[in-house]
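In: 3D, please:
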Amino acid sequence: MPGQRFFAERIHGDGTTELIHGDLPITGSPSITDVLSGPPQLQAEIGTPQEDLKVNGMPVLVPGSTAIYFEEDDVIRGGWLLAEPDVDDQVLSLDGSGFCGYPKGQEYTQEYSQIGVDPLDVVRHIWAYLQAFPNGRLGMVLDSTKTPVRLGTRGGVLTEDGTRVPLSFYGQTEPTSEQDYEEDDPFTITWFEPADLGSVIDGLAKETPFEYHEEHYWDATRTKVLHRLELGYPTIGRRRTDLRFVLGENIHVAPRVTLGGGYVNEVTVIGAGEGRAMVRATAPLNDGRLRKAITITDKRIKSNTEAAVRARAELNARQHFADVTSVVIEDTPGTPVGSWLVGDSIRLQAEEDWTDLDVWVRVVGITTNPYDSRDAVCTVVRA
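Out: Residues are numbered from 1 along each chain as shown. So this is what the prediction gives:
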């Protein structure tokens, strides 16, 4: 279609790339899915055989070597690393996964140990480690976002007021028998305790919390595709008061609604400390339903007041009788597809038969078919 194309590059792994096909003959109904804090996905088909799918006798489509991009109106809308193609009934099926999935399944071969390290510095270190290999240079650049969270604690002597003082303060290298002492507890990634580096990143994203999202764009000369991983603490996206999703306006099929799922009417939050001295607060609600309680542990919470605020917020977030996870948004002048992004929070209104919604939702995934439709299937969670 005019203004649209899929093109392919060979990624050599040494930081260089080569354009190997300027307009892939994608047919059928390709599916592009943008994702928050995960690798975007591509599903597409090519009718086989295609004579121009070889360059210098080598196949264009090689897993681990081919990157596919979708460009629309001179803007790159997505980029994917090709997975194993599949041929069935003269149709070549293509699956691609975003660049940020590259750490998945890869392990650390060195020893990393840090005290007081920002989780996002750990993420940057993992990417720097992977891209330091001669055949691992994807060209992914991570932004410089910081968080106030720190991983890995310094040991020392515990004083009467509960603070921890390094032994060097006392001019000694070993504690005496009378002193309550804690050893260093660094954050580590090691070769002898294998860990999936992609899972390490996702675990840190959940615990910190932070979010990430990949972007691909042309350089100033439009000769090289650049790659960037946006990092956001604690979230990415905006609260969009200028947009709304409304049944009968830009939603023409009532969203599937789950009624009453996941309710909780008592939340206990446990914070810092040990045993009976732990910070603790409970927020109950007598709402006429059976008691259903959960406990949340977050050692960053240092006071009962802070724990009480967190418990009440968690309780309020679970007071809903209807939930929605997916909604199809039509391209309209008021809400053109592309005017909202993953991470954005938008008001969703739908009232029809069993559906009665007026909630704010966050868009965490967007799936589009650039050929046949301008509708967008949005995966959402409550904001």
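In: how about the helices in the stretch 1-150 of the chain?
Out: Remark: helices assigned in the stretch 1-150 of the chain by DSSP state H, counting those that start in this stretch are 119-131.
In: same deal with the stretch 201-350 of the chain?
Out: 304-317.
In: what about the strands in it?
Out: In the stretch 201-350 of the chain, strands defined by DSSP state E, counting those that start in this stretch lie at 211-218, 225-232, 239-246, 257-259, 266-270, 280-284, 293-297, 322-324, 326-329, 345-352, listed in chain order.
In: burial measure for residue 88, as a count.
Out: 9 (other CB atoms under 10 Å). For glycine as for every other residue, the C-beta is placed from the backbone atoms N, C-alpha and C.
In: if we can go back for a sec, how about the strands of the stretch 201-350 of the chain in TSV, adding mean neighbour count?
Out: Listed next are the strands of the stretch 201-350 of the chain as TSV, based on neighbours: other CB atoms under 10 Å:
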stretch	mean neighbour count
strand 211-218	18
strand 225-232	18
strand 239-246	16
strand 257-259	13
strand 266-270	20
strand 280-284	17
strand 293-297	12
strand 322-324	19
strand 326-329	20
strand 345-352	18
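In: how about the ones you listed, which one is nearest residue 377?
Out: strand 326-329 (5.4 Å; CB to CB).
In: could you export the closest one as PDB, CA atoms only?
Out: What follows is strand 326-329, C-alpha atoms only, in PDB (Å, rounded to 0.1, in the frame of the first residue of the first chain):
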ATOM      1  CA  SER A 326      -9.400  -6.100  25.900                       C
ATOM      2  CA  VAL A 327     -11.300  -3.600  23.700                       C
ATOM      3  CA  VAL A 328     -11.400  -2.900  20.000                       C
ATOM      4  CA  ILE A 329     -11.000   0.800  19.100                       C
END
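In: ok, back up a step: relative to residue 193, which of the strands of the stretch 201-350 of the chain is closest?
Out: Closest approach to residue 193 among the strands of the stretch 201-350 of the chain (CB to CB): strand 293-297, 23.3 Å.
In: of the strands of the stretch 201-350 of the chain, which shows the lowest average pLDDT?
Out: Here the lowest mean pLDDT among these goes to strand 257-259, at a mean of 72.
In: can you list the buried residues in the lengthiest strand in the chain?
Out: When the chain is scanned for its longest strand (criterion: DSSP state E), the result is strand 355-368. Within strand 355-368, the residues that qualify as buried are 357, 361, 362, 363, 364, 365, 366, 367, 368, counting by 16 or more other CB atoms under 10 Å.
In: pull the distance from that strand to the chain's centre.
Out: Distance of strand 355-368 from the chain centroid (CA atoms, centre = their mean, to the nearest Å) equals 17 Å.
In: export whichever helix or strand comes after that strand as PDB, just CAs?
Out: Using DSSP states H and E, the helix or strand that follows strand 355-368 towards the C-terminus is strand 376-382. Output in PDB follows, covering the C-alpha atoms of strand 376-382 (Å, rounded to 0.1, in the frame of the first residue of the first chain):
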ATOM      1  CA  ALA A 376      -6.800  -1.400  17.100                       C
ATOM      2  CA  VAL A 377      -7.200  -4.300  19.600                       C
ATOM      3  CA  CYS A 378      -6.100  -2.800  22.900                       C
ATOM      4  CA  THR A 379      -5.000  -5.000  25.800                       C
ATOM      5  CA  VAL A 380      -5.900  -3.000  29.000                       C
ATOM      6  CA  VAL A 381      -5.600  -3.100  32.700                       C
ATOM      7  CA  ARG A 382      -7.300  -0.900  35.300                       C
END
